[in-house]
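Engineer: fold the following for me, if possible:
(one chain, ligands or ions: 1)
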Amino acid sequence: MAGDRLERYRQLRDFERTSEPAGATTTDGEPAPSGRFVVQEHHATSLHWDLRLEHDGALASWAVPKGIPPDPRQDHLAVRTEDHPLEYLDFAGDIPEGSYGSGRMSIWDRGTYDCRKWDEREVLVTFHGQRVSGRYALFRTKDRNWMIHRMDPPADPERQPMPRGLRPMQPVPGPLPTDEQGWAFQPAWGGLRVLAACQGGRVELTDAGGAEVTGAFPEVRALGEALGTTEVILDGELVVAGPDGRPDAERLARRRAARSPAVTRRLSSATPAVLLVGDLVWLEGRPFAPLPYRERRARLEELGLGGPSWQVNPDHPGEGSALLTATRAQGLPAILAKRLDSPYLPGETSPHWVVVAV
Ligand code: MN
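Structural biologist: Predicted coordinates for the structure are as follows:
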């Protein structure tokens, strides 16, 4: 029976090329033990999570673009895909370029589940995994489209839904603070200050005017993929380097103004932007904005961010004069001073954020 159910799965793959399991070709008629599940994070053309439930000797599968919802108030789309062989419970690896589903696949969670209902239109389960546990409903809406809904309260009762539409805080121009010990100092790059809201592997960049600028900076989307299911809002500056390696405001403006996808693609490879992350506003269902800068910064550094198009902007507590001198020598425009005990105020200016011209 499992053999027949895997026909579609095998048609889509060339097992000479991919290391994915082909699945047993015969079954001995014994019902397989049921009740295991796996969630695989799949960096295919579009990042998604594959939920697979052991059922009738194979793995019933859904591709979930935003991952398993942690909160009953957020249902996620789950697209039914072909049944997979049981051996896929343990599969992790690279599916080669040019093959069906090419991209890196890793195990995000696995465990067992209890089935409370299973028919063509609705599946009710209780997961017992490391990351996902509790009661969930999968229900079919149209054709291959299903939704997945958490039926229990949020696994983390203090978890709050991520706020939408926040704007970055804006520094005010001013002199170097005299009590340097109470402040932290970062290079200011004269770039485009944005908030990067990352959720379900997607990034949304919002500028100080509230405009969404994600489309103009496609290279920063890889940040979302790197974060996976981590939910975070980061403050940062988008910077484009000129031929001399210094921030180039004109190139940045051209990037931002590009309207056609072809121009955006060309410019993003010719003059790539880097997001220099300087602050943490939200993390995993918790607001960080009200916390003092020193605490936000410590947590930001623990995230270990760093990739081709994003870096953490270096921070120099108590060393304003020294940083100003070094910055001047490098030909950079300014430094940003943040009071160590001050909160982050989205969309506002504050005397606790001062941009000091070099
Ligand atoms: Mn997949």
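Engineer: tell me which parts of the stretch 1-150 of the chain are close to the ion?
Structural biologist: Contacts of the stretch 1-150 of the chain with the ion, taken as Cβ under 5 Å from the ion, map to 42, 50. Bear in mind the C-beta positions are built from the backbone N, C-alpha and C, glycine included.
Engineer: poorly predicted segments of the stretch 101-250 of the chain, please.
Structural biologist: For the stretch 101-250 of the chain, applying pLDDT under 70 flags no range at all.
Engineer: quick check: the residue of it nearest the ion.
Structural biologist: Nearest to the ion in the stretch 101-250 of the chain, going by Cβ to the ion, is Gly101, at a distance of 5.2 Å.
Engineer: surely that residue meets Gln40?
Structural biologist: No - shown here, Gly101 and Gln40 do not form a contact pair, counting by Cβ atoms under 8 Å, at 10.4 Å.
Engineer: which of these two has more neighbours?
Structural biologist: Gln40 (22 against 16; other Cβ atoms under 10 Å).
Engineer: for that one, what are its contacts?
Structural biologist: 49-50, 52, 91-92, 105-108 (Cβ atoms under 8 Å, 6 or more residues apart in numbering).
Engineer: and which of the residues you listed is nearest Leu12?
Structural biologist: Nearest to Leu12 out of the contacts of Gln40 is Asp50 (Cβ to Cβ; 13.7 Å).
Engineer: what's the burial count for the closest one?
Structural biologist: When neighbours are counted by other Cβ under 10 Å, Asp50 comes out with 24.
Engineer: could you do Leu53 as well?
Structural biologist: Counted by other Cβ under 10 Å, the residues lying close to Leu53 total 21.
Engineer: just say helix, strand or coil for the one residue in the chain that gets nearest to the ion.
Structural biologist: Closest approach of the chain to the ion (Cβ to the ion) occurs at His42, with a separation of 3.8 Å. Under DSSP: H, G, I helix; E, B strand; the rest coil, His42 falls in the strand class.
Engineer: from what I see, it and Leu51 are in contact.
Structural biologist: No - contact between His42 and Leu51 fails when scored by Cβ under 8 Å: they sit 10.8 Å apart.
Engineer: so these two - more neighbours on which side?
Structural biologist: Leu51 (27 against 21).
Engineer: was I right about the more buried one contacting Phe37?
Structural biologist: Yes - between Leu51 and Phe37 there is a contact at 7.1 Å, judged by Cβ under 8 Å.
Engineer: and the contacts of Gln40, which of them are in strands?
Structural biologist: Filtering these for membership in strands, criterion DSSP state E, returns 49-50, 52, 105-108.
Engineer: hey, where'd the strands end up in the stretch 251-358 of the chain?
Structural biologist: Taking DSSP state E, counting those that start in this stretch as the criterion, the stretch 251-358 of the chain carries its strands at 273-283, 286-287, 310-312, 316-317, 334-339, 349-357.
Engineer: beta partners of Arg36?
Structural biologist: Beta-bridge pairing for Arg36 (DSSP bridges): Thr112.
Engineer: quick one: it and Gly111 touch, right?
Structural biologist: Yes - under the criterion of Cβ under 8 Å, Arg36 makes contact with Gly111 at 7.5 Å.
Engineer: per-residue confidence for Thr18?
Structural biologist: For Thr18, the model assigns a pLDDT of 85.
Engineer: count of neighbours near it?
Structural biologist: Thr18: 19 neighbours (other Cβ under 10 Å).
Engineer: for Arg254, see how far away Ser260 is.
Structural biologist: Applying Cβ to Cβ, to the nearest Å, the value for Ser260 to Arg254 is 13 Å.
Engineer: settle it for me: which of those two has more neighbours?
Structural biologist: Shown here are Ser260 and Arg254; by other Cβ under 10 Å, Arg254 has more neighbours (16 against 8).
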